[in-house]
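Asks: All I have is the shape, not the residue letters:
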């Protein structure tokens, strides 16, 4: 965690991957634990498929929702190129949780951005503390690619200042209220994320 007992989490990915939902769940969980919470989102393109980042900050007292460069404790990268784009914002003792599932944003097909040749390799070369695994394949293996955000939340749960079970219960409670049939599969996705992080 950063100084003054503030935890800074940057969630980055492509629209439709569940970046904003993951950030919302993290903020909701921290708020329930009594933390002061600030959250902000930046969507590079409004439509589905655009680049999306979300800053989540919580602690005793948080003044600004934006995480200063070099102060990110946990980078949650739903996409490897986006993880590479933001890894320089990590603290020296920060951690990157990276899904290796490649999903090119529209700016690539429009010729506005060149997709890195080997973003995961470049991340490894950056000598950062990183856990990299294919969250998309894990989600697909469970039968639903939309489970990626639950997989990623499970993966970072060991690095949060509250027990993984607390985060998991917030996720499952959301489904109990709105989509009870999805509770069991989301619990499996959360635990699969924890297992992937432990191996990566």
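Replies: Right, received. Where do you want to start? In this text the structure is predicted, and so the values were computed from the model without any measurement.
Asks: and residue 96, what are its bridge partners?
Replies: Assessed by DSSP bridges, residue 96 has beta-bridge partners residue 75, residue 130.
Asks: how close does the residue nearest in space to the middle of the chain get to residue 17?
Replies: Centroid check for the chain by Cα atoms, centre = their mean gives residue 76 as the closest residue, at 3.1 Å. Going from residue 76 to residue 17 by Cβ to Cβ, to the nearest Å gives 11 Å. For the C-beta atoms, the positions are set from N, CA and C on the backbone; glycine is no exception.
Asks: Give the next helix or strand downstream of the worst-scoring helix or strand of the chain on mean pLDDT.
Replies: Least confident helix or strand, the chain: helix 106-109 with a mean of 69, by mean pLDDT, DSSP states H and E. Where DSSP states H and E defines the elements, the next helix or strand beyond helix 106-109 is helix 119-125.
Asks: Flag every buried residue along that following helix.
Replies: 119-120, 123 (16 or more other Cβ atoms under 10 Å).
Asks: Just put those residues in TSV and tack on distance to residue 110.
Replies: Output for those, formatted as TSV (distance: Cβ to Cβ, whole Å):
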residue	distance to residue 110
119	19
120	24
123	25
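Asks: mind listing the strands for this structure?
Replies: Applying DSSP state E to the chain gives strands spanning 6-14, 36-43, 51-59, 72-77, 90-99, 129-133.
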